[in-house]
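Undergrad: sequence unknown, structure follows:
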């Protein structure tokens, strides 16, 4: 087993416990300056500023924000009814099944519905435009930044 109390040989600074000063206030010599490496590949800031990308973001937000707000409102309605409308939520619909159970199951069903609607919307409206932007930028189909 490695002995943590005894440092490994090879680096005299580790053996003495002294570390070199990282920030001494001295300016680096000219040979230590590095030149910026020219970027290769897509110009992401230009892509982000393009009209097509702005349109893509607008399409995405046009679906996601209203759907998120609607789902949140539906969820909060369920929570508030469960907290404050006990008589309504305990109303029997058939057998031992009451309104609260049906609305709770409706939460699961609505989650699946929202997911399906988003996948359908993305497949038809968003994904083709993303593929166009990637092709224009010269990126392979499955590439991510």
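TA: Arrived safely. Everything numeric here is computed off the predicted structure, so don't read it as measured data. Numbers count the residues shown, from 1 in each chain.

Undergrad: so which residues of this structure form strands?
TA: Ranges of strands in the chain, per DSSP state E, are 92-94, 97-98.

Undergrad: what about residue 60, neighbour count?
TA: Applying other Cβ atoms under 10 Å, we find 16 residues neighbouring residue 60. Every residue, glycine included, has its C-beta placed from N, CA and C.

Undergrad: among the strands of the chain, which is the most enclosed?
TA: Each of the strands of the chain was scored by mean neighbour count; the highest is strand 97-98, a mean of 14, by mean count of other Cβ atoms under 10 Å.

Undergrad: what are the pairing partners of that strand, and which direction each?
TA: Neighbouring strands of strand 97-98 in its sheet, by DSSP bridges, are strand 92-94 (antiparallel).

Undergrad: state the mean pLDDT of the partner strand.
TA: Strand 92-94 carries an average pLDDT of 93.

Undergrad: swap in stretch 61-75?
TA: On average, stretch 61-75 scores 95.

Undergrad: list the contacts of residue 50.
TA: residue 133 (Cβ atoms under 8 Å, 6 or more residues apart in numbering).

Undergrad: one step back: reformat the strands of the chain as CSV; add distance to residue 59.
TA: Output for the strands of the chain, formatted as CSV (distance: least, Cβ to Cβ, whole Å):
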stretch, distance to residue 59
strand 92-94, 40
strand 97-98, 41
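
Undergrad: out of the ones you listed, flag the one nearest residue 83.
TA: Residue 83 lies closest to strand 97-98 among the strands of the chain, at 15.5 Å (Cβ to Cβ).

Undergrad: so what touches that closest one?
TA: Defining contact as Cβ under 8 Å, 6+ apart, one finds that strand 97-98 is touched by 89, 90, 91, 92.

Undergrad: surely the first one and residue 79 touch.
TA: Put plainly, it is residue 89. No. When contacts are counted by Cβ atoms under 8 Å, residue 89 is not listed as touching residue 79 (11.0 Å).

Undergrad: of the two, which one has the most company?
TA: residue 89 (18 against 11).

Undergrad: show me the contacts for the more buried one.
TA: Going by Cβ under 8 Å, 6+ apart, residue 89 touches 81, 82, 98, 99, 100, 103.

Undergrad: cool, thanks, signing off.
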